[in-house]
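In: Below are the sequence and a predicted model for it; my questions follow.
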Amino acid sequence: MARKAEKSKQGEGSGPSFDEALVRLEEIAHKLESGELPLEEAIALAEEGIKLSELCERQLTAAEGKIQRLVERMGVVGLEPLAPEATEEQEEE
């Protein structure tokens, strides 16, 4: 339970947690993909999705920085950045 309390404290005033934002992004994507929304609602959801995406990106960047600092403290030379996943087109070449 301490973990849940800690998560809720971290989320106060700073928006949703990464996991909450990701779940909401998935919900938004499904609604937008359905194609059954009125234009105004679709635009509002797209705007919300962009904000959540930016939030997730900031949180991932912060986590990457923390991991990098931890690795450096352990004396490991460095981390290689993760390469983006290859697309099917790249794999065919």
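Out: That came in fine, so what should we check first? Residues are numbered from 1 along each chain as shown.

In: Could you use CA atoms for every contact and neighbour count after this?
Out: Noted.

In: What residues of the longest helix along the chain count as buried?
Out: Of all segments of type helix in the chain, defined using DSSP state H, the longest is helix 39-73. For helix 39-73, burial by neighbour count (16 or more other CA atoms under 10 Å) applies to Ala42, Leu45, Ala46, Gly49, Leu52, Ser53, Leu55, Cys56.

In: again with stretch 16-30
Out: Pro16, Ser17, Phe18, Ala21, Leu22, Arg24, Leu25, Ile28.

In: now the first one, what's its secondary structure?
Out: If I follow you right, that is Pro16. Following DSSP: H, G, I helix; E, B strand; the rest coil, Pro16 is assigned to coil.

In: With pLDDT as added columns, please give the buried residues of helix 39-73 in JSON lines.
Out: Shown next, in JSON lines, are the buried residues of helix 39-73 (pLDDT from 0 to 100):
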{"residue": "Ala42", "pLDDT": "96"}
{"residue": "Leu45", "pLDDT": "97"}
{"residue": "Ala46", "pLDDT": "97"}
{"residue": "Gly49", "pLDDT": "97"}
{"residue": "Leu52", "pLDDT": "97"}
{"residue": "Ser53", "pLDDT": "96"}
{"residue": "Leu55", "pLDDT": "96"}
{"residue": "Cys56", "pLDDT": "96"}
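
In: could you dump those residues to CSV with distance to Leu70?
Out: As requested, those are arranged in CSV below (distance: CA to CA, whole Å):
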residue, distance to Leu70
Ala42, 42
Leu45, 37
Ala46, 36
Gly49, 31
Leu52, 27
Ser53, 26
Leu55, 23
Cys56, 21
